[in-house]
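Asker: this is the structure alone, sequence omitted:
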């Protein structure tokens, strides 16, 4: 049992929360507000930390889960009056940048990929393949929009237009979050919200990050060489750690790999 003597000052403590992987793509082991909630609560409230550091390596994913996680980080930071620092590894793009923007400061490696402030919806159309195989698709609905964007029917322009409206609204929410968090740091001379992404130095010039730095030396610079670290984050499911993934997890891994590939990773 560790003794805490009142006349001995303990070294500063930084809680480190690892946010690794695509957001909201998997029910087991993926980044979601539900899965991260207990880890974030402990990171902010256990041991009176001087700061919370986020290790981010994410190409994005669900905009809703990105928003929920970022909002939880902000609530906890404001309730506890604890500063938050984000440290980008390979990538903080799309939803990954949404998470990074929840921090008070964002730092990255020279080769980190940052940005992609946009929204994407992708899928496949299989109606031609079905027709060639002589398969007839039968759909009955109550409500004319209930079968919107059915991949087994020809694409309808009115469905695409409705989707554009939805994507546009989500994009506006994303932009509002970035502007609220980064404020005057953003380079207003450039349109940063086209979905484009950059390496860290250019991202810094655009005001998307605060500079180039790695977690431990930066925290030592801020809190002194004696700063201590306590780590939090999701663990892989028990079976996954032994390579016994189910089909769903394998398909999720393929989708996540494809998401990283969009950024050349």
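Answerer: Now that the structure is in, tell me what you want to look at. Remember, predicted model here, so these are calculated numbers, not experimental data.

Asker: ranges for the strands of the stretch 151-265 of the chain?
Answerer: For the stretch 151-265 of the chain, the strands defined by DSSP state E, counting those that start in this stretch cover 197-199, 211-212, 228-233.

Asker: same thing with the stretch 1-150 of the chain?
Answerer: Counting by DSSP E, counting those that start in this stretch, the stretch 1-150 of the chain has strands at residues 13-20, 51-58, 84-93, 105-108, 113-115.

Asker: strand partners of the third one, parallel vs antiparallel please.
Answerer: So that's strand 84-93. Strand 84-93 pairs in its sheet with strand 51-58 (parallel), strand 105-108 (parallel), strand 113-115 (parallel), by DSSP bridges.

Asker: can you give me the neighbour number for residue 207?
Answerer: Neighbours of residue 207 under the rule other CB atoms under 10 Å: 18. To be clear about C-beta, it is placed using only N, CA and C from the backbone, and glycine gets the same treatment.

Asker: dihedrals phi and psi, it?
Answerer: In terms of degrees, to the nearest 10, the main-chain angles of residue 207 are phi 90, psi 10.

Asker: tell me which of the strands paired with strand 84-93 sits nearest to residue 212.
Answerer: Closest of the strands paired with strand 84-93 to residue 212 is strand 105-108, at 6.4 Å (criterion: CB to CB).

Asker: what's the mean pLDDT across the closest one?
Answerer: Mean pLDDT, strand 105-108: 98.

Asker: save the strands of the stretch 1-150 of the chain as JSON lines, and put in distance to residue 32 and mean neighbour count too.
Answerer: Below are these laid out as JSON lines (distance: least, CB to CB, whole Å; neighbours: other CB atoms under 10 Å):
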{"stretch": "strand 13-20", "distance to residue 32": "11", "mean neighbour count": "21"}
{"stretch": "strand 51-58", "distance to residue 32": "12", "mean neighbour count": "23"}
{"stretch": "strand 84-93", "distance to residue 32": "17", "mean neighbour count": "25"}
{"stretch": "strand 105-108", "distance to residue 32": "22", "mean neighbour count": "25"}
{"stretch": "strand 113-115", "distance to residue 32": "22", "mean neighbour count": "26"}
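
Asker: need those strands in TSV (columns: distance to residue 172).
Answerer: Converted to TSV, these look like this (distance: least, CB to CB, whole Å):
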stretch	distance to residue 172
strand 13-20	24
strand 51-58	22
strand 84-93	19
strand 105-108	22
strand 113-115	17
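
Asker: of all these, which lies closest to residue 182?
Answerer: Smallest distance to residue 182 across the strands of the stretch 1-150 of the chain (CB to CB): 8.4 Å, for strand 105-108.

Asker: work out the gap between that closest one and the centre of the chain.
Answerer: Offset of strand 105-108 from its chain centre (CA atoms, centre = their mean, to the nearest Å): 14 Å.

Asker: same check, this time on stretch 24-43
Answerer: The mean C-alpha position of stretch 24-43 is separated from the chain mean by 11 Å, CA atoms, centre = their mean.

Asker: next, the distance between the ends of it.
Answerer: Criterion CA to CA, to the nearest Å; first-to-last residue distance in stretch 24-43 is 21 Å.

Asker: can we start the residue count at 487 from this point?
Answerer: Sounds good: first residue 487 from here, last item stretch 510-529.

Asker: residues in contact with residue 685?
Answerer: Residues in contact with residue 685 (CB atoms under 8 Å, 6 or more residues apart in numbering) are 596-600.

Asker: give me the pLDDT for it.
Answerer: Listed pLDDT for residue 685 reads 97.

Asker: what about it, distance to residue 641?
Answerer: Applying CB to CB, to the nearest Å, the value for residue 685 to residue 641 is 36 Å.

Asker: about what we covered before: the strands of the stretch 637-751 of the chain: which one's closest to residue 579?
Answerer: For those, proximity to residue 579 was assessed by CB to CB; strand 683-685 is nearest, at 5.3 Å.
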